[in-house]
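Novice: give me a model of this one.
(3 chains)
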Amino acid sequence: MFDPVSPQASAISDLFILVMWICAAILVVVVAIITYAIVRAMRERARGQEAPDAVDNDHPMLEAIWTAIPLGIVIAIFVLSVGAARDSDPTPEGAPDVVVRGHQWWWEVEYPGKGVMSANEVHVPVNTKVHVQLESGDVIHDFWVPQLARKIDVVPGREHHVVFEAQETGLYEGVCAEFCGVQHAWMRFDVIVHTADDFDAWLAAQALPAEPPSSSAALAGLAVYERETCSTCHALDGVPADGLPKQVGPDLTHLASRQRIGSGVMVNNEANLALWMKNPQAIKEGCHMPNFQLSATDADALAAYLHGLK
Amino acid sequence: MSLEATLEPEVEAAPTGFVSWVTTVDHKRVGIMYLITSVVFFAIAGIEALLMRIQLAVPENDFIAPELYNQLFTMHGTTMVFLVGMPLIAGFGNYLVPLMIGARDVAFPRLNAFSFWLVPFGGLMLHWSFLAGGAPNAGWFSYAPLTELPFNLNEGVDYWLLSLLALGIGSVGSAINIIVTVVTLRAPGMKVSRMPLFIWMIFVTSILIVLAIPALNSAIVMLLVDRHLDAAFFLPDRGGSAVVWQHFFWVFGHPEVYVLILPVFGMISEIIPVFSRKPIFGYSFVAASTVAIGILSLSVWAHHMFAVGMGRGPDLFFTAASLLIAVPTGVKVFNWSATMVGGRIQFTTAMLFCIGFLIEFVIGGLSGVTLASAPIDWQVTDSYYVVAHFHFVLFGGFVFGMAAGLYYWFPKITGRMLSERLGKWQFWLMLIGFNLTFLGMHFLGFMGMPRRVFTYPDLPGYEALNMASTVGTVVIAVSVLVMLYNIAISLKRGEVAGDNPWNAWTLEWAATSPPPEHNFELVPPVRSRRPMFDLAHPEVVRDVPLPPDDAPKRPQAAIVSVVAFIASESMFFLMLLVAFVIYNFFEFGSGPGPLDIRRTGMFSVALFASSATLFVAERHLRRGNGGGATTWLGITMALGLVFLAGQAWEYYDLITAHFTPEGSIFAATFFTTTGFHGFHVFAGLLALLAVTLLRRNGGLGKNEETIVKATGYYWHFVDVVWVFVFSIIYLGRIL
Amino acid sequence: MTTSQALAELWRFGSPAWFVAIAAMALYVWAFGFRMGRRMGAMLAAVALFLIATVSPVAVLADGYLFSAHIVQHLLLLLLVPPLLIAALPPARVEAALTRPSVRFAQDTFGRAPMSWMLGLGIMWLWHIPTLCSASVTSTPAYVAQCATLLAAGVAFYWPVVHPVRSERLSAPGSIVYLFTGCLACTLLGVLLTFAPVSACPVYMHPVDTLGIMPLLHHGWGLTHASDQQLGGLMMWVPACMVYLAGILVIARRWLSESNLDVVQGRGSHGVR
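Specialist: Numbering: from 1, shown residues only, chains lettered A, B, ... in the order given. Below you'll find the model as predicted:
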C-alpha cells in the first residue's frame, strides 16, 4: 500500500496495514454474528420451530465484555499511533533545505542560500533527510507526496515543516490535497530523487543564469517576451536573490529543464508550450495567466525561446 | 360501492387542498412536508452527483468546466447535509415523536410550522445563487481564506452563508420543539427509561443541534463581517487567522455528523427488534452509549484537522478522543447484531435495509477508526479514501437507515403498504450500486487521488476504478427511481395497511393509519417499554401496576424551551468570546482600543440593576400584586433602554474616531461581540414589552407567572452574558 | 539527575502540608471515631492524594518548573480529593448537622446548583488568569490560598452530586446536565491552554533551576515551555472530562435500570413462551 520509499511514509503504512487487519477482523466478527442470526432464523423457520416473541433481552456481563474489548483495541491503536506519529513526522532541525510556497495553482520551489528558484518540481538527494519548509502565498494548500511523507497543510501566515528521507531515486507524484480554488485539480508537482552527485549537478545547473537565445526564432521569442511584459509576473533574467517577494507566476530561468507545464496539465515540449502561449485559459481555465491573444507566429517564437531555457 | 372501497382507510374530516397544507400546524403534515422537501432536494443533489461522476468517468475529461464542477460538489455536499439530512430527521422526528410518546401534537405547533418553512426558504435561497452569478464553490465547509473576498468574489458564498443561517435557525427551532415535547408531553407512565430508543436518540440529537449550530452561526457571522464590513478575521495578511474558521466550523461540523447518524441509530433500534420479534438487546446500554456519543462528539472536532499542523500534542489528544468515540458506537453495533441472534427474523424490505445498514455502517465506522489515528490520517485525509469513508457512513449508514425507516413507517403515514417486491429490487440495486460506487474509492485514496478535483491525469488504475464508480452511481439512480415509482403506485393502489401491519410495539401503532388530526382516540396504558406488546399479551402485564401520572410534576414547556434556547445562545456567545480571546490575547493581538471603561461600567450597572428590578417584578407577581409587577417591569425596561442608549453613545464615539471593523482585529471582535449582545438586549426588551402589554389585556391568562418567569430567564441570561463580555473585553484589557 | 532519582529525592518532608494532613486525620478520628471501613478508606485516600499534591515531586515540579505539574496539582485538589472527602462523611451525622439552621443555610447557599457549579468552575478558572497563576507560584500566601480555595471549590462542586444524604442529591437528569456542563467548562479551559501560543502562566517560562533538574526536564522528558503548557492543557481537558463522563455514565445507567426492574419483574431472560 502506498509503496512507501521513505522511513517516514513506511511508519504510516505499516501502522495502517496493521490497523486494517484489526478492522478486518472486527468486520468479520460482526458479519459472522449477523450471518449466524440469519441462518439460524431461516433454519428454524424451515423446521417450523420458531421461537415466540421474546419478552426480555439483556445481558450486562456480555455488554461489559463487548465494551471492554473495543476499549482495549482502541487503546492499543492509540499507543501504536503515538509511535507512528513520532517516526513519520520527525521534528525538523536547523534551516530548511527547500522552501516550497503554494500559490493558486502552482508551487514555488526555492533552495535558500543556493540561489536556485524553480517551480512544480522538488529535487532532493537520495538517503538524505530533507527538511522542507512550507509557506502559502494566498489560500490554504496541502503538500502531499504519498510515497514519501505525511501530508501537511500549507497555511498562509504560518510556516510548516515536513521532513523525509527518500530511499530510492526516481520520480514521485505530489499533489495539492486541500481544495484551493478553481484549478485545484491541476496543482500537481513532482518530487525527483537523485543520487547525491546528480543532485549536486542539477543544483549547479539550476544556479546558472538563463541561457541566451540561440536561434532566430528564439531571438524573436525574447522580443515577444519583452514586448508583452512577461516579467511583471515571471522572473527570468538571472536568478532572483533570496527573499524575493512572492511571485505571481513560476520562475522561467530553467523552464525547459522541467518535465511538465501548468502544474502537471501538459508535458513540457515546444508544441505544448506554443499551445499554452496561444491561450493558457483554454488549457487551464481560470488560472491567473491571462490570454494575451498572441498570433501563432508570436506564440511559436515565444515557445522556441522558452524551450531553449535548459 | 365495492368491498375494497369500504376497506379504504377512513378519510378524516380534516381540510384538504393546497392552502390547508401551507397553513397547517399539525405535526404530521409538517413532518410530511419536511419529508417531501428532502426528497426533492435529494433528487437535485443526486443529479449533481451524477453529473460529477460523468465528468470523472475518464481522465482529463472536459464534460464539465472546472468552475461548474466546484460549484456542483459544493452544492451536492451542502444540499445533502442541510437540505436532505436535516429535513429527513426533522420530518421523521416531527411525524413520529408525538405519536411514539402518545401526545396529541408537538409542544409548539406554530414554531414547528415556522421552522419548517425556513427549510424551503433556505433551500431556494441557496439554489437561487445558480441564477445570481454562480453557486457557492468552496466546498461544504467553505474554508477561509478561500471564501474571503480577495480570493472569491463569487456571491454564491454569501448565498451559502445566509441560507445556512436561515436553515440553522430552523433546525434549532425544530430541535427545541422536540426537546420540549419529549420532556413535557409523554403519555402517563412513559418514564424516561421506557421511552422508545428512537425518542432517546432524537432527543440527544436535538440537544446536539441546539449546542452545535450556534458554533456554525458564529463562524458565519464572522465571515459575513469580513466580506461585508471589510474586517479580517480570516485574512492572515491583515492580522487574521486562516485556521480559526476550521476550528469553529468543525466544532459544529463533527457533532453534525452525529446529528445525522443518531436518529438513524434510533430507527434501526426500533426496526431490528420488531422484525426479529425480540426486544432490543441491552436497552440501557444502547441508550447510555447514545449519551456518551453525544458528549464525546463535542470534543473530537479537530480530527478533521490533523493535516493542518496543529502540533503533536493536540493531534494525539484528538486521536485519543476520536478513537474513544468508537467504543459506544461499537457497543451499539454489537447490541443490534445480538438482537437478531435467535430471533424470528422477518426479511421485509425494512429489515433488509437494516442489515445492509449494519454491514455498510460497520465498514464506514472502521475506516473512521483508521482516520481517527493522526498518522494514518496524515496519509489518507483529503483523498478519495475520506470520500469513501463518509459515504459509507452517510449513504451506507444514513440513507440505508432512512430507507428502512421509509418502508417501516410509510404504512403509518399513508395508510398503505409499499410494494415489497419493488422494495427488494430497490434494496439489491442500491446495495450493488452503492458498493460499486464507493468501495473502489478507498483504493483511489491509497493511490493518492485527492478529493475535490474536477479531473485527474491518466495514472495506472485511476480510470478503471473511476469508471466503476460512475457505473455504480447510475445503478444507484435506477434504484432511487424504483423507490419513487414504488411510492407513486403505492399511494394510488397500495395494499391497505391497517393500524399495526408489522405487529410492532410502540405507541404510534395504536393510532389508525394514517392517524387522525388528534392522533389517538385513547392512548394505551404504558406499563413497559413496549405498550403494544402488553396490549397483545395481557397475561404478561397483569401484575404490573400502572404508575401514577407524573405529567403534573414535569417542568413547564415555557421554562424548558427558554432553557434550551439559552443553552443555544450561550454557545453562540461562548464562541464569539473564544474568538475574542484568540484574536486579542493570543498571537494576533492588536493595540488596545480607545475604550472608555468607566463610562461603559456605569451603563453596565444599569443593566445589572435591571436584573434585580425584574426579580422584584416577579415577586410582586407571585404575591398577586399585578400593579406593582407592571411598575417594576417598566423600570426594568427603562434600565435596559439606558444601557442600549449608552451603547449607542459608545458606538457613535468610536466610529467618529475611525475605530471600525476594517481597522483592526480588536475592533472587529469588539463590534461583533458587543453588537450581538446589544441585539439580544434589544430582543429581550421587545419580549418584556410584549409580556407587559399582553398582561394588560389579560392575554396571558393562568400562564402569566410562568411566561414572565421564562422571559425573565432570558433577560437574566442577557445580563450574565454581559458580565463575561464586560470582564473579558473591558477589564481583560487592563489586566 | 535521572527520573528515578528525581522521583525518590524531590519530596518536601518539611512542608507544613504534613501538619495539615495529620490535623485533618486527627480531626476526622476525633469527630467520627476510628472504624476501618469504606469511609475510613476514603478519608485515607483523600489524605494520601492531598499529600501527593502538596509534598511529592508533583509539588516540587509545580513550584516554578512545570505548568503541567501545576495542573496535576489542580486536578488532585479539585477533582479527586473532594469527592473522597465527601464519601468519608457519615450520612447520619451530615443529616443531623443539616437540621442546624446555620449549616443548612451554608449548604443552601454554597452547596446547591447553580451556585456550587459556579463556585467550583469559577475558582478553577480564576486561578488560570495568568497573573494569578504566576502569583500562586511565586508567593506563599497565594499558594496556600490557592490550595485551600481549590479544595473548598471542589467540595462545593461535588456536594449536590454525591451528597452523603441521598435524598438531598440532584436528580439523575439534573446531575447529568451538571456534570456535562462541568466537562464543557474544563474542555474550554483545556482548549484555550492547549492552543494558546502565549504563556498561560508566565512564571514557568524561565524557571530558576535551584535543584538542577532542568536538563532532565528538557532532554530526559523532552518538555519545552510550549509543550509543557500543551500537556497541561490536555490534562485539564481529558482526565477532568473523563471523571465527569464516568460519573454521567454511572448515573445514567443506574437511572435507567432502576425503573427497568418493574418491567422485567418475574420474567426469565427469554420470558414467557
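
Novice: touching chain C at all, the one helix or strand residue B:564 maps to?
Specialist: Using DSSP states H and E, residue B:564 sits in helix B:557-585. Yes. Judged by C-beta under 8 Å from any C-beta of the partner chain, helix B:557-585 and chain C are in contact via B:574, B:578, B:581, B:582, B:585. For glycine as for every other residue, the C-beta is placed from the backbone atoms N, C-alpha and C.

Novice: among the residues you listed, who's most crowded?
Specialist: residue B:582 (24 neighbours; other C-beta atoms under 10 Å in any protein chain shown).

Novice: any idea how far residue A:248 is from residue A:290?
Specialist: Distance of residue A:248 to residue A:290, computed by C-beta to C-beta, to the nearest Å: 11 Å.

Novice: in terms of neighbours, single out the busier of the two.
Specialist: Taking other C-beta under 10 Å, residue A:248 and residue A:290 do not tie; residue A:248 has more neighbours (15 against 10).

Novice: show me what contacts residue B:455?
Specialist: By C-beta atoms under 8 Å, 6 or more residues apart in numbering or on different chains, the contact list for residue B:455 reads A:185, B:55, B:56, B:59, B:60, B:61, B:62, B:66.

Novice: now, these that are in helices?
Specialist: Cross-referencing these against helices under DSSP state H gives B:55, B:56, B:66.

Novice: nearest to residue A:166, of the residues you listed?
Specialist: Lowest distance from residue A:166 to the ones in helices among the contacts of residue B:455 (C-beta to C-beta) belongs to residue B:56, with 30.6 Å.

Novice: so that closest one sits right up against residue B:468, yeah?
Specialist: No. The criterion here is C-beta atoms under 8 Å, and residue B:56 misses it with residue B:468 at 11.3 Å.

Novice: could I get the contacts of residue B:455 as TSV with neighbour count and pLDDT?
Specialist: TSV is the format used below for the contacts of residue B:455 (neighbours: other C-beta atoms under 10 Å in any protein chain shown; pLDDT from 0 to 100):
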residue	neighbour count	pLDDT
A:185	25	94
B:55	21	96
B:56	25	95
B:59	14	94
B:60	10	92
B:61	15	91
B:62	10	90
B:66	23	93
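
Novice: adding distance to residue B:461, write these out as TSV.
Specialist: Converted to TSV, the contacts of residue B:455 look like this (distance: C-beta to C-beta, whole Å):
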residue	distance to residue B:461
A:185	18
B:55	19
B:56	14
B:59	11
B:60	15
B:61	17
B:62	22
B:66	23
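
Novice: what bits of the stretch 101-250 of chain A have low per-residue confidence?
Specialist: A:237-247 (pLDDT under 70).

Novice: can you give me the strands for the chain?
Specialist: The chain I'm using is chain A. Secondary structure of chain A by DSSP state E: the strands cover A:98-103, A:106-111, A:116-119, A:121-125, A:130-136, A:141-144, A:152-154, A:160-164, A:170-176, A:188-194, A:260-261, A:266-267.

Novice: how about the ones you listed, which one is nearest chain C?
Specialist: With respect to chain C, and counting by C-beta to the nearest C-beta, the nearest of these is strand A:160-164 at 14.7 Å.

Novice: that closest one vs chain B: in contact?
Specialist: Yes. Judged by C-beta under 8 Å from any C-beta, strand A:160-164 comes into contact with chain B at residue A:160.

Novice: adjacent strands (with direction) for that strand?
Specialist: In the sheet, strand A:160-164 lines up against strand A:130-136 (antiparallel) (DSSP bridges).

Novice: buried sites along the strand it pairs with?
Specialist: A:130, A:131, A:132, A:133, A:134, A:135, A:136 (16 or more other C-beta atoms under 10 Å in any protein chain shown).

Novice: do the same with stretch A:108-120
Specialist: Quick answer for stretch A:108-120 (16+ other C-beta under 10 Å): A:108, A:109, A:110, A:111, A:115, A:116, A:117, A:118, A:119, A:120.

Novice: name the nearest residue to the last one, ignoring sequence neighbours.
Specialist: When the adjacent residues along the chain are set aside, residue A:120 lies closest to residue A:189, with 4.7 Å between them (C-beta to C-beta, 6 or more residues apart in numbering or on different chains).

Novice: contacting residues for the closest residue to chain B within the stretch 101-250 of chain A?
Specialist: For the stretch 101-250 of chain A, the residue closest to chain B is residue A:157, as judged by C-beta to the nearest C-beta, at 2.7 Å. Residue A:157 makes contact with A:136, B:236, B:237, B:240, B:241, B:242, according to C-beta under 8 Å, 6+ apart.
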